[in-house]
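Student: everything below, folded, please.
(one chain, ligands or ions: 1)
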Amino acid sequence: LAAEEFRQLGYRMVDWIAGYWDRLESFPVRAPVAPGDVAARLPPHPPEQGLDGEKGWEAVFQDLEQVVLPGTTHWQSPSFFGYFPANVSGPAVLGELLSAGLGVQGMLWSTGPACTELEARVMDWLVELLGLPASFLSTSPTGGGVIQGSASEATLVAMVAARARIRRMSPGDAPLVAYASTQVHSSLLKAAMLCGVARDASDTTHVRTIATDATYGLNPEALERAITEDLAAGKRPFFVCATLGTTSSGAVDRLGPIGEVLARTGVTASGGWLHVDAAWAGAALVCPEFREGLAGMEAVDSFCFDPHKWLLTNFDCDAFFTRDRGALLEALSVMPEYLRNTASASGSVTDYRDWQVPLGRRFRALKLWLVLRHYGRQGLQAYIREHVRLAQRFVGWVAQDARFELAVPRSLALVCFRLAARPAEASAATDARNRALLERLNATGEVFLSHTVLPGVGERPTRYVLRMAIGGTRTQEGHVRACWELLQRLASE
Ligand code: PLP
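Tutor: Now for the predicted structure:
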């Protein structure tokens, strides 16, 4: 593509994206397609000849409209309330474009000095913005932050670092065991499978899921019992994953009591690692009033959250921090001849390839840098606070309609709710009504919500619940209100 053609097409593509954002509310939120519909509109064979310059690209723009958009679930729709948000913002998209245009591969400091140093600085900014411990700063003696592709990768990296450390500090053949609440994200199990700690997805001996309390936060006494039992059986507890904001219901594991359990059982002294997965809820830490979950952070070895969920930064961008970068290097450094260079040999630079699974890396810090500069601390705080306020409004409406009930107390901007059980209704029947409601709701194309199943606690049965995750870049009160009114209408029908 000649420079001038690239320029023209680039202007047009940016125009197309801005126009798409303007049109978001005109599309059904969930793609109304069946499996294979999109593939059926694509040629089965690759093109023999390339496009004929700028004019030939007309066909690409047509395909965007006729093939891509009809098969797209519009995560950026202001009425998308499913899963957790996957924020996109103007500054972040421009940062992505810059990263693509610069085309830097920043595996080593020497292959991308700006890529490396800008990333370290932006991660240090995040430590300050979120009120995280100073031991996570890249300027601290042993800590630092790095951008991973996802929270799943962050957990894997934390686990391999933990494994390296426990092998050094408590050598031997005793089996390694990881712990987390029953509500932990599935990426913990995947990480354990990937690094050979768990045999397979059903291995509950080496990845122990611990009971929760009634609010679905990890029960520290149950953790202590499990660890004590494993130590008595000659095993090596080496990794605990605590969650701030669980995927299902936004529950918070209390770090203070968990840290105390690890200290009391001797797990900390033998090299055990406490990782915190704050994939979604971490973004809210930009507001001091949402930092309650940070109590006990002094016992934490690593922490991650996803700016690509709720902090206006395009996927992929997970912010991972550790106070023991040495353990990462121990687990992940391999130095082949072809990568040797004077800067690395000097020991005075950070080579981020040693902090992650892949070798190569994009200049992802650019998008985060632009987001933080564009919005500033105050802009980010206002953004989070508005979503939390909208969730509070939604809770208020649920409380006023006797047909509905909250399933658990609101967590930040996540509301788990459902149609309440009718007198003498079996819980399976209530679940079925809720399932049907969700399907009808999403079939309208006006909004999109997702669901979860919350396990029974005490007298309370297992429950199918709807999740209203507010956090879209463009979501305003009118969208939340419209969703509630639609829910009410369908409940009446
Ligand atoms: N951890 C938690 C608590 C999550 O809620 C999620 C996704 O929703 C993940 C991890 C996985 O995130 P990622 O897609 O960044 O791996």
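
Student: give the buried residues for the one helix or strand in the chain whose mean pLDDT sits lowest.
Tutor: Each helix and strand of the chain was given a mean pLDDT (mean pLDDT, DSSP states H and E); the minimum falls on helix 53-56 at a mean of 83. Using 16 or more other Cβ atoms under 10 Å as the test for burial, helix 53-56 gives Glu54. Backbone N, C-alpha and C define where each C-beta goes, glycine included.

Student: which strands and helices sit next to it?
Tutor: With contacts defined as 3 or more Cβ pairs under 8 Å, 6 or more residues apart in numbering; DSSP states H and E, helix 53-56 has these neighbours: helix 3-23.

Student: and the next helix or strand past the helix it packs on?
Tutor: Counting by DSSP states H and E, the next helix or strand C-terminal to helix 3-23 is helix 37-40.

Student: how about the residue nearest the centre of the chain: what's its closest non-neighbour residue?
Tutor: The residue lying closest to the centre of the chain (Cα atoms, centre = their mean) is Ala279, at 3.7 Å. Excluding its sequence neighbours, the residue lying closest to Ala279 (Cβ to Cβ, 6 or more residues apart in numbering) is Ala151, at 3.8 Å.

Student: for the protein, longest helix please?
Tutor: helix 365-400 (DSSP state H).

Student: mind listing what's buried in that one?
Tutor: Neighbour-count burial for helix 365-400, with 16+ other Cβ under 10 Å as criterion, is recorded at 365-372, 374-375, 380-381, 383-388, 390-391, 393-395, 397-398.

Student: who touches the first helix or strand past it going along the chain?
Tutor: Toward the C-terminus, helix 365-400 is succeeded by strand 404-406 as the next helix or strand (DSSP H and E). Residues from elsewhere that reach strand 404-406 (Cβ atoms under 8 Å, 6 or more residues apart in numbering): 395, 398-399, 415-420, 487, 491.

Student: out of the residues you listed, which is nearest to Pro175?
Tutor: Using Cβ to Cβ, Cys416 comes nearest to Pro175 of the contacts of strand 404-406, at 36.1 Å.

Student: that closest one against Val465, yeah?
Tutor: Yes. Counting by Cβ atoms under 8 Å, Cys416 touches Val465, with 4.7 Å between them.

Student: mutual contacts of the two, please.
Tutor: 249, 407, 452, 454.

Student: that's a helix at the first one, yeah?
Tutor: No. Under DSSP: H, G, I helix; E, B strand; the rest coil, Ser249 falls outside any helix and is assigned coil.

Student: need the pLDDT of the closest residue to Thr72 other than its chain neighbours.
Tutor: For Thr72, ignoring the flanking residues on the chain, the nearest one in space by Cβ to Cβ, 6+ apart is Ala31 at 5.5 Å. Ala31 carries a pLDDT value of 95.

Student: where along the stretch 251-400 of the chain do the strands fall?
Tutor: For the stretch 251-400 of the chain, the strands defined by DSSP state E, counting those that start in this stretch cover 273-277, 302-305, 318-322.

Student: near the ligand, which residues of the stretch 201-350 of the chain show up?
Tutor: Contact residues, the stretch 201-350 of the chain versus the ligand (Cβ under 6 Å from any ligand atom): 243, 246-247, 277, 279-280, 306, 318.

Student: as a markdown table, the residues you listed with distance to Leu24 and pLDDT would be great.
Tutor: Formatted as a markdown table, those follow (distance: Cβ to Cβ, whole Å; pLDDT from 0 to 100):
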| residue | distance to Leu24 | pLDDT |
| --- | --- | --- |
| Thr243 | 31 | 98 |
| Thr246 | 29 | 98 |
| Thr247 | 25 | 98 |
| Asp277 | 30 | 98 |
| Ala279 | 25 | 98 |
| Trp280 | 22 | 98 |
| Asp306 | 22 | 98 |
| Asp318 | 25 | 98 |
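
Student: most widely separated two among these?
Tutor: In those, two members sit farther apart than any others by Cβ to Cβ. They are Thr246 and Asp318, at 16.9 Å.

Student: now the helices for the stretch 151-300 of the chain?
Tutor: Per DSSP state H, counting those that start in this stretch, the stretch 151-300 of the chain carries helices over the ranges 151-169, 187-194, 220-232, 255-264.

Student: now do the first one: which elements does it pack against?
Tutor: Think helix 151-169. strand 176-181, helix 187-194, strand 236-243, strand 273-277, strand 302-305, strand 318-322, helix 325-332.

Student: so where's the protein uncertain?
Tutor: Nowhere does the chain drop to pLDDT under 70.

Student: domain assignment for it?
Tutor: 3-71, 98-372, 381-492 (automatic domain parsing).

Student: so how far is the last one from its chain's centroid?
Tutor: Here domain 381-492 is found 21 Å from its chain centre; the criterion is Cα atoms, centre = their mean, to the nearest Å.

Student: same thing with stretch 140-152?
Tutor: Worked out by Cα atoms, centre = their mean, stretch 140-152 lies 14 Å from the chain centre.

Student: in that stretch, what's buried?
Tutor: For stretch 140-152, by 16+ other Cβ under 10 Å, it's 143-152.

Student: could you do stretch 433-441 as well?
Tutor: Within stretch 433-441, the residues that count as buried by 16+ other Cβ under 10 Å are 433-434, 437-438, 441.

Student: farthest pair within these?
Tutor: Across those (Cβ to Cβ), the longest gap, 12.3 Å, separates Arg433 and Leu441.

Student: any idea how far the closest residue to Leu329 other than its chain neighbours is from Ser333?
Tutor: Excluding its sequence neighbours, the residue lying closest to Leu329 (Cβ to Cβ, 6+ apart) is Asp354, at 5.0 Å. Here Asp354 is placed at a distance of 4 Å from Ser333 (Cβ to Cβ, to the nearest Å).

Student: out of these two, which sits in the busier spot?
Tutor: Per other Cβ atoms under 10 Å, whichever of Asp354 and Ser333 has more neighbours is Asp354, with 20 against 12.

Student: what sits against that one?
Tutor: Shown in contact with Asp354 (Cβ under 8 Å, 6+ apart): 328-329, 332-333.

Student: same check, this time on Lys190
Tutor: 152, 156.

Student: could you number the chain from 192 rather than 1 from now on?
Tutor: Okay, residue one is now 192; in that scheme the one you just asked about reads as Lys381.

Student: can you get me the start-to-end distance on stretch 322-336?
Tutor: Taking Cα to Cα, to the nearest Å, stretch 322-336 runs 14 Å from one end to the other.

Student: so what touches it?
Tutor: Here stretch 322-336 makes contact (Cβ under 8 Å, 6+ apart) with 311-312, 314-315, 317-318, 476, 479, 482, 485, 488-489, 491, 494, 510-517, 541, 546.
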